[in-house]
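Peer 1: give me coordinates for this.
(4 chains)
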Amino acid sequence: MKINMKYYGIVAEKMRKQAESIDISANTVEDLINHFSEIKTTDYKVAVNQDIVKADYRLKENDEVVFLPPFAGG
Amino acid sequence: MKINMKYYGIVAEKMRKQAESIDISANTVEDLINHFSEIKTTDYKVAVNQDIVKADYRLKENDEVVFLPPFAGG
Amino acid sequence: MAEVEKRKSIFTEGAITPQKIAESIAHHQVKTDIGAHDIFLGQVRADIIDNKVVAGIEYTAYEEMAEKRIYELRETTFEKFDLKCLHIYHSLGRVNAGEICLFVFSSSPHRDDAMGATRFIVEEIKANVPIFGKEIFEDSSYQWKTNK
Amino acid sequence: MAEVEKRKSIFTEGAITPQKIAESIAHHQVKTDIGAHDIFLGQVRADIIDNKVVAGIEYTAYEEMAEKRIYELRETTFEKFDLKCLHIYHSLGRVNAGEICLFVFSSSPHRDDAMGATRFIVEEIKANVPIFGKEIFEDSSYQWKTNK
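Peer 2: You can find the predicted model right below:
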């Protein structure tokens, strides 16, 4: 399944890139997370198509997934 | 007893002046008020020497008395 | 605690200009311990009362008492809130509808104190500072304004 | 109810200038149904962390999501408060200590709504809008900022 990943802040730093499309075998967000050992120790929330979701969220082809590090606006 | 009166807003309008010194026989603010028939129907608080006081406040020679109409700052 | 300014008058003749507000903001950029500013601006409304439109307000004040109240209010505000700076200005004389008559500017390391202080000061000014206002209608008639 | 503005970006490159704030205030003088403006400004602090001084913050954002959150936030704010105008700007890129990175400007006939709306928006932005900040120290080292 094709997933469009975007990376920001400390997550982008650890991933050493800002975006990529990946082809991955994953049913849920939790499955996907298991492929990202780079950010295992990082604090983040997950957004799919710009909404924050839980670990059991079921992914679809072409979803946009972002691991959101802590917010710092203001 | 000499009292220094100052008038502002609608009180100045009704008194047709902005300040005057008066020589009056009055022990308390209440006694003083009884001499001011011009503002009998007006809503006001009384300040003596820049502090708001009650009707039983005892006046002293040279006190500065102001009948304060409603505030409109801001 | 930040220094409480000396007894500088809060009163300014006529409307408070956006330029004055910008200058006041710019002056704070050297104060790098500030994280949050909260600014309240009171603007004269063109209210319609009995089919007449308010064109402006003419402000007067019992100035000695007003300055005394503001001085005490500044001291109380610095005690209640963690502030670095506090500026308060109010117009005297004529201010037209759409123009600014009150400018309260609180600056703090943190947002809670800046916003709390501004709110506290605005309420206190409305309730306890002897400023009077004559609402002048477009036909030059008027009525005395009363804060609610 | 006032018109909710079309989807204008909240993001601006670099610091927000006092001049921009003054222009924004000046534009409201034709809106004579406004009686109260409340403005919040977030300013970058020169915090000292482990003996190093913050020289500036470099902001990035997940812009599509941030704009969507702000759009929804504007709609909620206009439902909760009686507002005539609402402007929100946040910096992207480098903002030095002492410079302004957030500008929230609420205008209402009455002070309660203006002040309540500004506070509501500031809290929401800090908690729910995906903006990220790298605190850069004077020696060019850095750490990632986290809102509390």
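Peer 1: hmm, stretch C:54-68 in reach of chain D?
Peer 2: No. Judged by Cβ under 8 Å from any Cβ of the partner chain, stretch C:54-68 and chain D are separated, with a smallest distance of 8.6 Å. (C-beta placed from N, C-alpha, C; glycine too.)
Peer 1: what's the end-to-end length of that stretch?
Peer 2: Stretch C:54-68 has its terminal residues 31 Å apart, counting by Cα to Cα, to the nearest Å.
Peer 1: let me know whether that stretch sits next to chain B.
Peer 2: Yes. Residues of stretch C:54-68 contacting chain B under Cβ under 8 Å from any Cβ: C:57, C:59, C:60, C:61, C:62, C:64, C:65, C:68.
Peer 1: mind listing what's buried in that stretch?
Peer 2: Neighbour-count burial for stretch C:54-68, counted by 16 or more other Cβ atoms under 10 Å in any protein chain shown, picks out C:54-62, C:65-68.
Peer 1: what's the answer for stretch C:140-148, then?
Peer 2: Neighbour-count burial for stretch C:140-148 flags C:142, C:144, C:145 (criterion: 16+ other Cβ under 10 Å).
Peer 1: what residues are up against the nearest residue to the second one once chain neighbours are set aside?
Peer 2: The reference is to residue C:144. Excluding the flanking residues, the one nearest residue C:144 by Cβ to Cβ, 6 or more residues apart in numbering or on different chains is residue B:10, at 4.7 Å. Taking Cβ atoms under 8 Å, 6 or more residues apart in numbering or on different chains, we find residue B:10 in contact with B:42, B:69, C:132, C:144.
Peer 1: same check, this time on residue C:56
Peer 2: Neighbour list for residue C:56: C:44, C:94, C:95, C:96, C:97, C:99, C:136 [criterion: Cβ under 8 Å, 6+ apart].
Peer 1: farthest pair in the contacts of residue B:10?
Peer 2: B:42 and C:132 (12.4 Å; Cβ to Cβ).
Peer 1: more crowded one of those two?
Peer 2: With neighbours defined as other Cβ atoms under 10 Å in any protein chain shown, residue B:42 and residue C:132 compare such that residue C:132 has more, 24 against 17.
Peer 1: where in the chain is pLDDT low?
Peer 2: You didn't say which chain, so I picked chain A. By pLDDT under 70, chain A has no low-scoring segment.
Peer 1: actually it's chain C I care about, not the one you picked
Peer 2: Along chain C, segments meeting pLDDT under 70 span C:1-7.
Peer 1: and the residue nearest the centre of it?
Peer 2: In chain C, the C-alpha nearest the mean C-alpha coordinate belongs to residue C:102, at 3.0 Å (Cα atoms, centre = their mean).
Peer 1: in three-state terms, label that one for me.
Peer 2: strand (DSSP: H, G, I helix; E, B strand; the rest coil).
Peer 1: that one pairs with what?
Peer 2: residue C:42, residue C:90 (DSSP bridges).
Peer 1: follow-up on the earlier one: farthest-separated two in the contacts of residue C:56?
Peer 2: Spatially, the most separated pair among the contacts of residue C:56 is C:99 and C:136, at 13.0 Å (Cβ to Cβ).
Peer 1: where does the residue located most distally from the centre of chain C fall, phi/psi-wise?
Peer 2: Distance from the C-alpha centroid of chain C, by Cα atoms, centre = their mean, peaks at residue C:51 (28.9 Å). In terms of degrees, to the nearest 10, the main-chain angles of residue C:51 are phi 70, psi 10.
Peer 1: what does residue C:95 give?
Peer 2: Main-chain torsions, residue C:95, degrees, to the nearest 10: phi -130, psi 120.
Peer 1: circling back to that earlier point, by neighbours, which of the contacts of residue C:56 wins?
Peer 2: residue C:44 leads the contacts of residue C:56 on contacts (other Cβ under 10 Å) with 28 neighbours.
Peer 1: please report how far that one lies from chain D.
Peer 2: 8 Å (Cβ to the nearest Cβ, to the nearest Å).
Peer 1: what about residue A:17, neighbour count?
Peer 2: 11.
Peer 1: host element of it?
Peer 2: If you go by DSSP states H and E, residue A:17 is not part of any helix or strand.
Peer 1: show me what from chain A comes close to chain D.
Peer 2: Checking chain A against chain D by Cβ under 8 Å from any Cβ, the hits are A:6, A:8-10, A:47, A:50, A:66, A:68-74.
Peer 1: could you rerun that using 6 Å?
Peer 2: Contact residues (Cβ under 6 Å from any Cβ of the partner chain) of chain A with chain D: A:8, A:9, A:10, A:50, A:66, A:68, A:70, A:71, A:72, A:73, A:74.
Peer 1: isn't the fourth one right up against residue D:67?
Peer 2: No. Under the contact definition of Cβ atoms under 6 Å, residue A:50 does not touch residue D:67, with a separation of 9.2 Å.
Peer 1: quick check: buried residues in stretch A:4-21?
Peer 2: For stretch A:4-21, by 16+ other Cβ under 10 Å, it's A:5, A:6, A:7, A:8, A:9, A:10, A:11, A:12, A:13, A:14, A:15.
Peer 1: and that stretch, how far apart are its ends?
Peer 2: End residues of stretch A:4-21 are separated by 4 Å (Cα to Cα).
Peer 1: ok now that stretch, how far from the chain's centre?
Peer 2: Distance of stretch A:4-21 from the chain centroid (Cα atoms, centre = their mean, to the nearest Å) equals 8 Å.
Peer 1: pick out the most distant pair among the buried residues of stretch C:54-68.
Peer 2: C:55 and C:68 (32.0 Å).
Peer 1: so where do the helices sit in the chain?
Peer 2: I'll assume chain A. For chain A, the helices defined by DSSP state H occupy A:9-15, A:29-33.
Peer 1: if you could check chain C rather than the one you did, that'd help
Peer 2: Using DSSP H, the helices assigned to chain C run over residues C:18-26, C:63-80, C:111-128.
Peer 1: start and end of stretch A:51-59, how far apart?
Peer 2: 13 Å.
Peer 1: same thing with stretch C:55-73?
Peer 2: End-to-end distance (Cα to Cα), stretch C:55-73: 31 Å.
Peer 1: what's the end-to-end length of stretch C:134-148?
Peer 2: Start-to-end span of stretch C:134-148 (Cα to Cα) is 15 Å.
Peer 1: so how far is that stretch off the chain centroid?
Peer 2: Relative to the chain's own centre, stretch C:134-148 is displaced by 20 Å; criterion: Cα atoms, centre = their mean.
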